[in-house]
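Undergrad: Give the three-dimensional model of this entry:
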Amino acid sequence: MTGQGKLKRNSKATLDIYLQQRKKNMTEAYLQTHPNASRETAQVRGSELLNSPAGIIYTEQQENKAKLTITALMDSEKDDIKLRAAQDILDRNTGKARQLDTPSSTGLTLMLDLSGSTVNVAMIENKNQQ
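TA: Residues are numbered from 1 along each chain as shown. Coordinates of the predicted model:
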């Protein structure tokens with residue numbers, strides 16, 4: 001990075017990798033563009049890049065560009081593209097819909113300890129005969 005707030009090509013590439021990851025990890029993004037760096041160096045330098053004024057501005061610009069792209073896709077002529085764009089917008093604004101786990105069967109297992117108990121055998125035999 002230069003002192004005037006402009007990002008070098010490698011820094012932009014690192015931030016682009018970071019923004020494209022599902023689970024944001026700047027250390028991993030930094031290591032992809034700087035394969036000879038140690039993990040410790042990647043943690044420090046990646047954090048510095050991400051939190052620098054130029055890094056913040058760049059990531060905000062890219063995120064805004066992505067939002068505009070998704071919004072524009074809502075006007076697509078293809079229904080499947082419209083649907084995916086709509087789902088993405090809703091997921092970002094209201095959170096993803098959660099599917100409740102429903103049991104496939106219900107049952108009860110009852111275990112009784114009858115040791116030491118007396119059972120009226122005559123009553124059980126009468127019920128079986130009815």
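
Undergrad: Of all the helix elements in the protein, which one is longest?
TA: helix 53-73 (DSSP state H).

Undergrad: Could you check how far the helix or strand following it is from the centre of its chain?
TA: Sequence order places helix 79-94 as the next helix or strand after helix 53-73, per DSSP states H and E. Chain-centre distance of helix 79-94: 16 Å, with Cα atoms, centre = their mean, to the nearest Å.

Undergrad: what packs against helix 79-94?
TA: Where contact means 3 or more Cβ pairs under 8 Å, 6 or more residues apart in numbering; DSSP states H and E, helix 79-94 is packed against helix 53-73. Backbone N, C-alpha and C define where each C-beta goes, glycine included.

Undergrad: Now do the helix it packs on: everything it contacts.
TA: 1, 5-7, 11-12, 15-16, 18-19, 49-50, 81-82, 84-85, 88-89 (Cβ atoms under 8 Å, 6 or more residues apart in numbering).

Undergrad: how many other residues sit next to Gly55?
TA: Applying other Cβ atoms under 10 Å, we find 23 residues neighbouring Gly55.

Undergrad: no wait, Tyr58
TA: Tyr58 has 21 nearby residues by other Cβ under 10 Å.

Undergrad: tell me which element Gly46 falls in.
TA: Applying DSSP H and E, one finds Gly46 within helix 39-51.

Undergrad: So which bits of that helix are buried?
TA: Judged by neighbour count using 16 or more other Cβ atoms under 10 Å, the buried positions of helix 39-51 are Ala42, Arg45, Gly46, Leu49, Leu50.

Undergrad: Dump the residues you listed to TSV, plus distance to Lys67 and pLDDT.
TA: TSV is the format used below for the buried residues of helix 39-51 (distance: Cβ to Cβ, whole Å; pLDDT from 0 to 100):
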residue	distance to Lys67	pLDDT
Ala42	29	95
Arg45	28	96
Gly46	24	95
Leu49	22	95
Leu50	19	93
